[in-house]
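K.L.:
Structure of the sequence below:
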Amino acid sequence: MKLFSYIVTHDTGFAPNPFWGYCTLACCKPTIRRCAHPGDWVVGLSRKLSGNKLIFAMHIDKKTTFSDYWNDPVFNSKRPRYDTARVIDKRGDNIYEPQVNGEFHQLRSIHSLEQKDHDLKGQYVLVAKEFVYYGNQAISLPRYMDFLKVSRGHRSRFSDDELCTFGKYIKTLPRGIQGPPSYKWPANELSWKQNEGIY
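P.N.:
Predicted coordinates:
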């Protein structure tokens, strides 16, 4: 098992996207998406000014290409939609539609068009059925977990003792979505049932 830790600069529900039964990382952090494999953990923390709190942790069980992610009907719900008023529908991360020439068309989303090349360098989408997502309910890490903290980029070099400590800690946490994203999430979308994406 490998462990990747990084700072979630913007917790919008887009990257990662914890909705519709899976936590997915399809955009941003291209190095992590290239290097992580099924069985690994990815942990996202808030910025130092926000206390380096735990926003999410995902246990990767699938690593898929952008084309396969787009074509898998399981993830159709993660394509962004603008024909509804719900914010959750607009935060989908399945935004790269494969073209016959091998290129990708970027769908309308909250993500910048300028990030396309950066995203595609990651080559893969990480998918997790087992995850915990706290969003705006991010929790403080116990002091003995300070080794997860990182200032920029990401960290993936941990000692065997640190990996063991993380393994024990992550077992104490709940699974699933514990709170909505931090950034501009409407109050009227905080009480849906879990099978609708949130609780």
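
K.L.:
Is there a neighbour count for the residue nearest to residue 76 when sequence neighbours are not counted? I'd like the number.
P.N.:
Nearest residue to residue 76, sequence neighbours excluded (C-beta to C-beta, 6 or more residues apart in numbering): residue 94, at 7.6 Å. To be clear about C-beta, it is placed using only N, CA and C from the backbone, and glycine gets the same treatment. Close neighbours of residue 94, defined as other C-beta atoms under 10 Å, add up to 23.

K.L.:
before we move on, what about the one 5 residues further on?
P.N.:
Taking other C-beta under 10 Å as the neighbour definition, residue 99 ends up with a count of 10.

K.L.:
try residue 52
P.N.:
21.

K.L.:
ditto for residue 124
P.N.:
Neighbour tally, residue 124, other C-beta under 10 Å: 21.

K.L.:
Do you have the strands of the protein handy? List them.
P.N.:
Here the chain has its strands, by DSSP state E, at 3-7, 23-25, 41-45, 54-59, 62-65, 96-98, 104-106, 124-128, 130-133, 154-155, 176-177.

K.L.:
just the angle between the fourth one and strand 124-128, please?
P.N.:
So that's strand 54-59. 100 degrees (axes from the mean of the first three to the mean of the last three C-alpha atoms, to 10 degrees).

K.L.:
Outside of strand 54-59 itself, list whatever touches it.
P.N.:
In this structure, residues lying in contact with strand 54-59 by C-beta atoms under 8 Å, 6 or more residues apart in numbering are 8, 11, 16, 18, 23, 25, 39-46, 126, 128, 130-135, 138-141, 170, 173, 182.

K.L.:
Okay, angle between it and strand 41-45 too, please.
P.N.:
Going by the same axes, to 10 degrees, strand 54-59 makes 170 degrees with strand 41-45.

K.L.:
Begin at 36 from now on, thanks
P.N.:
OK, 36 is where the count begins now, so the last one is strand 89-94.

K.L.:
How far off centre is strand 89-94?
P.N.:
Offset of strand 89-94 from its chain centre (C-alpha atoms, centre = their mean, to the nearest Å): 8 Å.

K.L.:
Check the strands of the chain for me and report the most buried one.
P.N.:
Comparing those by mean neighbour count (mean count of other C-beta atoms under 10 Å), strand 58-60 comes out on top with a mean of 26.

K.L.:
so what secondary structure elements neighbour that one?
P.N.:
On a contact count with 3 or more C-beta pairs under 8 Å, 6 or more residues apart in numbering; DSSP states H and E, strand 58-60 meets strand 89-94, strand 159-163.
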